[in-house]
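Participant: Compute the structure for the input listed below.
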Amino acid sequence: MTSNERLRDDADVLADEALDTAGLAAEAIEGTPDDDLAAARAEAARNLDGWQRTQAEFANARKRFEKQRAEAYINANADLVAKLLPLLDDFERALAAVPAGDRDDPWLAGVNLVYRKMIVVLEEMGVEPVPALGAPFDPNMHEALGQEPSDEYESGVVAREMRRGYRLGERVIRPSLVMVAE
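Facilitator: The predicted model follows:
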């Protein structure tokens, strides 16, 4: 064997020893394959948990936004209806005050049509009158102006409605003004 061949063999042995040493060092740093798998699974679980939390937060934010939007819509409708109710009252008073001789006037028929159309529009919006006459007094739906004796109704029952109240769904837009039986 020549000296060159011996040098090559020695170099190959040294290279193999260096690779073996480097491999052991890498395994010491990285750990065993089972440790790597466990670490990767733990990281995947953390990532999945974070993603699920983000998804839940996003879903909750979307629900909150939809609820706020629906409430804003209801509030806008309630404000509009509250402004229209005095007009409805005026129509009712005007139609009730028509003299008997003018009840067949075509002009009055037109005014009555406008009144009925307004009622239909409010009903389509979900507005309905608050039940009052003969109903038990409910401070959430009625506003008592006073009490009066009544042969027809028991104590605590609405005996007379002074002004009709209205509600939009479950929300009272305007309570009924009532007199309560004593």
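
Participant: Under a three-state scheme, what state does the most centrally placed residue in the chain occupy?
Facilitator: Closest to where the C-alpha atoms of the chain average out (C-alpha atoms, centre = their mean) is Lys67, at 1.8 Å. With DSSP: H, G, I helix; E, B strand; the rest coil as the basis, Lys67 sits in helix.

Participant: how near is it to Ala59?
Facilitator: 13 Å (C-beta to C-beta, to the nearest Å). Where you see a C-beta, it was placed from the backbone N, CA and C, and this is true even at glycine.

Participant: Likewise for Leu122?
Facilitator: Per C-beta to C-beta, Leu122 is found 36 Å from Ala59.

Participant: the more surrounded of the two?
Facilitator: Comparing Leu122 with Ala59 by other C-beta atoms under 10 Å, the one with more neighbours is Leu122, at 19 against 10.

Participant: and that one, that's in a helix?
Facilitator: Yes. Per three-state DSSP, Leu122 lies within a helix segment.

Participant: What about the closest residue to it other than its chain neighbours, how many residues nearby?
Facilitator: Leaving aside its sequence neighbours, Leu122 sits nearest to Val81 (C-beta to C-beta, 6 or more residues apart in numbering; 6.6 Å). A count of neighbours around Val81, defined by other C-beta under 10 Å, yields 21.

Participant: pLDDT wise, what is Gly31 at?
Facilitator: As predicted, Gly31 sits at a pLDDT of 56.
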